[in-house]
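Participant: Structure here, sequence nowhere to be found:
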């Protein structure tokens, strides 16, 4: 039992050390969009046992939800990122599909990275319809709160929520939670379970890295698509007139 609890705490510590709070990242002044026409995937061997894992990016528009001093985070629709193995259903402690996208650094010598929003519950995959592209998306920005919402002309309605919004869902912040760890029994006992759950739940909604990309052709494809990024139009939604 001690070993099980210790292992879970070690896992939580590793997550905590690598997690980034999206609320501490900046939102671009102007949003841009990269369209992935067909799903992209890359496979590599990882860990001391050389387990085979495949990372997949679903088709659809990916928009610049966040930036830092070194690059841009391009985020897709819900469940756009998945990491699966023929031997395991998912990475231990995480669902196979999560929210997220890919990070394009400004320096072409730096590697492209996969990023995900940490969650403990399965994320439903919502692949956008064929008529939802970068050309059919626009965004609005509230002057007071700077909240950004995506709007799709293809669906004639709002398709996003706040900063870091994703198609089909609305959020009040960049954080996304699809579920949290149980308390009692999570690690085989009430006290140990509550400690582990508290550590895990503190990281839900934060950004974590995906597996390192090992195929240079996969990174080059994302860089090529990044070079063709398109600006998203900013529009103003007028309030409905009073009767």
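Facilitator: Alright, I've got the coordinates. None of the values given here were measured: they were computed from a predicted structure.

Participant: So what's the residue count around residue 235?
Facilitator: By the criterion of other Cβ atoms under 10 Å, residue 235 has 12 neighbours. The C-beta positions use only the backbone N, C-alpha and C, and glycine is treated the same way.

Participant: ok, and the closest non-adjacent residue to it?
Facilitator: residue 138 (4.8 Å; Cβ to Cβ, 6 or more residues apart in numbering).

Participant: The one you found falls within a strand, correct?
Facilitator: Yes: counting by DSSP: H, G, I helix; E, B strand; the rest coil, residue 138 is located in a strand.

Participant: Can you give me every residue that contacts it?
Facilitator: 150, 151, 152, 153, 232, 233, 234, 235 (Cβ atoms under 8 Å, 6 or more residues apart in numbering).

Participant: can you put the residues you listed in TSV and add secondary structure?
Facilitator: Listed next are the contacts of residue 138 as TSV, based on three-state DSSP:
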residue	secondary structure
150	strand
151	strand
152	strand
153	coil
232	coil
233	strand
234	strand
235	coil
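
Participant: What is the nearest of those residues to residue 223?
Facilitator: Nearest to residue 223 among the contacts of residue 138 is residue 232, at 20.1 Å by Cβ to Cβ.

Participant: surely that closest one meets residue 31?
Facilitator: Yes: counting by Cβ atoms under 8 Å, residue 232 does reach residue 31; the two are 4.3 Å apart.

Participant: hey, what's in contact with both of the two?
Facilitator: Counting by Cβ under 8 Å, 6+ apart, the residues touching both residue 232 and residue 31 are 63, 139.

Participant: re the thing from before, any idea which of the contacts of residue 138 the model trusts least?
Facilitator: Ranked by pLDDT, these bottom out at residue 153, which has 70.

Participant: where does the chain have low pLDDT?
Facilitator: 1-18, 144-146, 154-204, 237-243 (pLDDT under 70).

Participant: Could you pull out the helices in it for me?
Facilitator: 2-18, 190-201, 216-227 (DSSP state H).

Participant: OK, contacts around residue 35?
Facilitator: So residue 35 contacts 60, 61, 62, 133, 134, 225, 230 (Cβ under 8 Å, 6+ apart).

Participant: Could you identify which of those residues has the most neighbours?
Facilitator: Highest neighbour count within the contacts of residue 35, by other Cβ under 10 Å: residue 62, with 28 neighbours.

Participant: Kindly provide the distance from that residue to residue 48.
Facilitator: Distance, residue 62 to residue 48, using Cβ to Cβ, to the nearest Å: 33 Å.
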